[in-house]
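Student: sequence first, predicted coordinates after that:
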Amino acid sequence: MTFQTSVKTDKAERLRRAREEAYSTPLKDFHPGAPRLFQNDTLWPWFERLRKEEPVHYCTNAPIEPYWSVVKYNDIMHVDTHHGTFSSDAALGGISIRDAPPGYDWPSFIAMDEPRHSAQRKTVSPMFTPQHLDELAKLIRQRSAKVLDNLPRNETFNWVEKVSIELTTQMLATLFDFPWEDRRKLTRWSDVSTALPKSGIVSSEEERRRELNECYAYMSRLWKERANAEPRDDLLSLMAHNEATRGMDPDNLMGNLILLIVGGNDTTRNTMTGSVLALNENPDEYRKLKENPALIDSMVPEVIRWQTPLAHMRRTALVDTEIGGKEIRKGDRVVMWYVSGNRDEEVIDRPDEFIIDRPRPRIHLSFGFGVHRCLGMRLAELQLRIIWEEILKRFDRIEVVGEPKRIYSSFVKGYESLPVRIPG
C-alpha cells in the first residue's frame, strides 16, 4: 500500500467514526467549537449535520459561555454585513468564540465598531493598494525563488518551517520594516497571542504574558523611532503619523499590532501549507495544474476556500434580533463559522471537493464580508500565486510523506508541521 493510499484509508476511517459520533450525539449536546475537532480534522460531519438540521444552533454544552453557531453561507453573510446589529467590540467580547482573558482584551480595528473601526483601518490601507502590491510582487518573487532554490532534494523536511513560516515572516518584516535578524519573533508572537492553554505553545499564562510584554516593549521602541522620524512606507510609520492612530493608548496600540501580525501570518502561512496538502490529496487536480499552470489564478481562491485559515469570527448582538427563525437576545455571542459556510451545498457546487478550475472560485467566506472584510486579502492571494508559479518552474511535484500536525484551535485553522519530500 502506498503512503497516499494509506493516508486516504486512514482519513476515510477517521471521518466515518466522526460521522457516527456526530449523528448519534443529540443536537442539544453539540459543541462544534471544540478545538479537538479541528486538531483531528473531524469537524466536517458536525457542521454538515448542523447545516441540514439546525443551521442556527445554541450551544450550552461547552466549557465556555453559551454561543450561537451560524453555519450556512447566507446567514453568515447576514451577520457579517449587519455591523449595526452585531458588534465586534473588544469590550463586548471581540471576534473569537472565547472571550479574551482579563488583561488581553486589547481593542484593535477589527475588534471595534464604527466609526472608530474605519478611521483606524484606513491608516494602514496604503500598504495594500494595487500600486504598492505591484512593488511587493517583485520582492515576493525574489524571496520565493531563493527559499525554493535552497530546499533539500530527496529528503524529508517540514514545509511549514522551511517555506510557509519563512516566507510569511519575511513579508511581515517588510511590512513593519522590522529588524531582519529578529523576524522570527513576529511568528512567535503571533502563535503566542492566539494559543489556547492546551495547545502546548506556551506552558503557562505567565509565559504568555512575559512574551507579549516583550512584544509590546520591542514594538513600542520601534513606534517611538518612527514617530520621531520622517514618515516612511511601513505599517508602524503609517500609524504613528496618522491623526486617527498616533494617539492610541497602549492597549489600542498592542491590539492593532497583534492584529496586523496575526493577520499577516496565519492566513498566508496556513493556506500555503494547505495548498501542498490539497494537491497531494487530489492528484488529478495536481496533474491539471502541471499541465496548465494558468489554473493558478483559480486554484488560489479555491485553496483559500478549501483551507479557510480562520475558521470563525464572533460577534455580539447589540439588540434583540432573529437569524434563520431563531430569536437572538441582546448580549448573545454569535459565531459565524466560515469553515462551514464554505462547504454550504446550497451555494457552492460540490463543496467538499477541491476543484482548481471552478467557474466562480471566489465564492467563499474566508476573508469575511462587510466593513471587516480582510484588508490584506489581495496580498495573501499574491503571495500564494507567486509561490506556486515559482514551484511549477522548479519541481515536478512536492510529495507529502507523513500526516500533517494541525493546530489545537477552533479559530486559527492551521498546521504545525507537514512532512514533505521533493524528488531530485
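Tutor: Looks like it came in fine.

Student: quick check: mean pLDDT of stretch 317-328?
Tutor: If you average the pLDDT over stretch 317-328, you get 97.

Student: what does stretch 374-387 give?
Tutor: Mean pLDDT, stretch 374-387: 93.

Student: what is the distance between it and the centre of its chain?
Tutor: 12 Å (CA atoms, centre = their mean, to the nearest Å).

Student: could you number the chain from 740 rather than 1 from now on?
Tutor: With the count now opening at 740, the last piece we talked about shows up as stretch 1113-1126.

Student: give me the contact list for it.
Tutor: Here stretch 1113-1126 makes contact (CB atoms under 8 Å, 6 or more residues apart in numbering) with 860, 863-864, 867, 869, 872, 875-876, 879-880, 883, 887, 902, 906-907, 910, 1002-1003, 1006-1007, 1010-1011, 1014, 1035-1036, 1039-1040, 1042-1043, 1105-1107. (Glycine included, C-beta is placed from N, CA and C.)

Student: repeat that for stretch 918-934.
Tutor: Outside stretch 918-934, the residues that touch it by CB under 8 Å, 6+ apart are 904, 907-909, 911-912, 915, 917, 940-941, 947, 950-951, 954, 957, 997, 1000-1001, 1004-1005, 1148, 1150-1151.

Student: what residues sit buried inside that stretch?
Tutor: Using 16 or more other CB atoms under 10 Å as the test for burial, stretch 918-934 gives 922, 924-926, 928-934.

Student: what about the strands in the stretch 840-989 of the chain?
Tutor: For the stretch 840-989 of the chain, the strands defined by DSSP state E, counting those that start in this stretch cover 896-897.

Student: and what of the stretch 1040-1163 of the chain?
Tutor: Using DSSP E, counting those that start in this stretch, strands in the stretch 1040-1163 of the chain cover 1051-1056, 1060-1062, 1065-1067, 1072-1076, 1138-1139, 1144-1145, 1154-1156, 1158-1160.

Student: which helices and strands does the longest one pack with?
Tutor: Counting by 3 or more CB pairs under 8 Å, 6 or more residues apart in numbering; DSSP states H and E, the packing neighbours recorded for strand 1051-1056 are strand 825-826, strand 1072-1076, helix 1077-1080.

Student: so who does the residue nearest to Val810 when sequence neighbours are not counted touch?
Tutor: What sits nearest to Val810 in space, not counting adjacent residues and going by CB to CB, 6 or more residues apart in numbering, is Ser1079, at 4.0 Å. Counting by CB under 8 Å, 6+ apart, Ser1079 touches 786, 789-790, 810-811.

Student: picking up where we left off before, include pLDDT when you put the buried residues of stretch 918-934 into a markdown table, please.
Tutor: Below are the buried residues of stretch 918-934 laid out as a markdown table (pLDDT from 0 to 100):
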| residue | pLDDT |
| --- | --- |
| Arg922 | 94 |
| Lys924 | 94 |
| Leu925 | 94 |
| Thr926 | 92 |
| Trp928 | 93 |
| Ser929 | 90 |
| Asp930 | 91 |
| Val931 | 91 |
| Ser932 | 88 |
| Thr933 | 87 |
| Ala934 | 86 |
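
Student: which one of these is nearest to Leu766?
Tutor: Distance to Leu766 across the buried residues of stretch 918-934 (CB to CB) is lowest for Thr933, with 28.9 Å.
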